[in-house]
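Asks: Curious how this folds, go ahead:
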Amino acid sequence: MKRSILALLAVAVLLGAMVPAASAKALPAAVEDQAVLQADHALLQALAKADKPAVDKLLDPDFTWTDSAGKTQTRADVLQALPQPGLGDESGIVPQERTYGDVGAVTAERGKVHALRLWVKRPAGWRALVYHEVTQLAEPSKSAGTGVNECENPCKTVPYAPQNDAERAIISSWQALETGVTAHDSAAWAPHIAEEFVQVSSSSDHPINKAGRIATLDKQKQLGVGSAPAPLVSARMFDFGEAVVMTCLHQPHSGKPVHVTRLWVKQNGQWVISISYQTAIQAAPAKTP
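Replies: Numbers count the residues shown, from 1 in each chain. Sure thing, here's the model as predicted:
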């Protein structure tokens, strides 16, 4: 297996030297997957060794690091004092990786601690754009929903101005799915969600897949529990053609604000959410109902 991985990486290097940067998307998916994993492993090793120059080379200019307490740091913050991942160097963990064009998503977990690293393809190679960590609850949440039935933000309006057609389509898709959430309408929610969808939240005790979220919506409908989503406070989008990274700040109707990273991907002409990581900001004051 190790030899085959090295062989694929060698092919990637050879192809990179033979074709212009504009043709990089033509590389085989398996080669891109391994290139992302190689860069990801190099970052973890550099962090473990506190090797700032090595970390510096692997971070995108727009890189952000969100830890399990919801503290978000910029690239400059990280390079000033290297943080340590909650999973350490991830020895013994087999990460999961998916590549969507020029965006690679790496996830890893041990127990209740989960980490998401989003890599983006730049002319100089793969660079880390997002590190997002979530520590989930030890026991299931007793909350059945938000208790709110009305949704203005984000269902009808959002404090974000889309910059292009892709972003406009994503906002439209997002508003449709959140309207479905508010109405407990899983049939309206589902078309805007990728089949491989996973949601990892600090307000839950386990990762949630598409089927699990549908089951929750259906149960809330039976119970008549309010489930309007947390209003959006601010957002940034990074457009990479087939995939868009969206980082957000939300303020739930009660409780602490939440930092959210979403990965949107275009599948069959429709923008859908593939990944959603959500971490409550522990240092922030909690909103009371």
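Asks: who touches the one helix or strand Gln222 maps to?
Replies: Take DSSP states H and E as the rule and Gln222 turns out to sit in helix 210-223. If you take Cβ atoms under 8 Å, 6 or more residues apart in numbering as the criterion, helix 210-223 is touched by 144-145, 180-181, 184-186, 189-190, 193-195, 197, 199, 208, 227. From N, CA and C alone the C-beta is placed, and that goes for glycine too.
Asks: Let's see the ChimeraX selection covering just the buried ones among the residues you listed.
Replies: To isolate the buried members of the contacts of helix 210-223 in ChimeraX, using 16 or more other Cβ atoms under 10 Å:
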select :145,180,181,184,186,189,190,193,194,197,199,208,227
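Asks: contacting residues for Pro83?
Replies: Leu47, Trp65, Asp67, Gln73.
Asks: what helix or strand does the first one sit in?
Replies: Counting by DSSP H and E, the element that carries Leu47 is helix 29-48.
Asks: domain ranges for this structure?
Replies: The chain breaks down by automatic domain parsing into domains covering 2-135, 165-280.
Asks: want to throw these into CSV with mean pLDDT?
Replies: Shown next, in CSV, are the domains of the chain (pLDDT from 0 to 100):
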stretch, mean pLDDT
domain 2-135, 86
domain 165-280, 96
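Asks: I'd like to know which of the ones you listed lies nearest to Asn153.
Replies: Nearest to Asn153 among those is domain 165-280 (4.1 Å), distances taken as Cβ to Cβ.
Asks: how long is the closest one end to end?
Replies: This stretch, domain 165-280, spans 31 Å end to end (Cα to Cα, to the nearest Å).
Asks: so how far is that domain off the chain centroid?
Replies: 11 Å (Cα atoms, centre = their mean, to the nearest Å).
Asks: just to revisit the earlier point, can you say which of the domains of the chain is nearest to Pro159?
Replies: So among the domains of the chain, domain 165-280 is nearest, using Cβ to Cβ, at 6.1 Å.
Asks: rewinding a little: looking only at the helix holding Gln222, what residues are buried by neighbour count?
Replies: Residues of helix 210-223 classed as buried by neighbour count (16+ other Cβ under 10 Å): Lys210, Arg213, Ile214, Thr216, Leu217, Gln220.
Asks: try stretch 141-160
Replies: Of all the residues in stretch 141-160, those buried under the rule 16+ other Cβ under 10 Å are Gly145, Thr146, Val148, Cys151, Asn153, Pro154, Cys155, Val158, Tyr160.
Asks: Excluding chain neighbours, what is closest to the fifth one?
Replies: On the basis of Cβ to Cβ, 6 or more residues apart in numbering, the spatially nearest residue to Asn153 that is not a chain neighbour turns out to be Pro231, at 4.1 Å.
Asks: thought the one you found was touching Gln251?
Replies: Yes: using Cβ atoms under 8 Å, Pro231 is in contact with Gln251, at 5.8 Å.
Asks: just the strands in the stretch 51-200 of the chain please.
Replies: Counting by DSSP state E, counting those that start in this stretch, the stretch 51-200 of the chain has strands at residues 59-66, 72-74, 96-100, 103-110, 113-122, 125-135, 193-201.
Asks: The second one - contacts with which helices or strands?
Replies: By that I understand strand 72-74. The contact analysis (3 or more Cβ pairs under 8 Å, 6 or more residues apart in numbering; DSSP states H and E) places strand 72-74 against strand 59-66.
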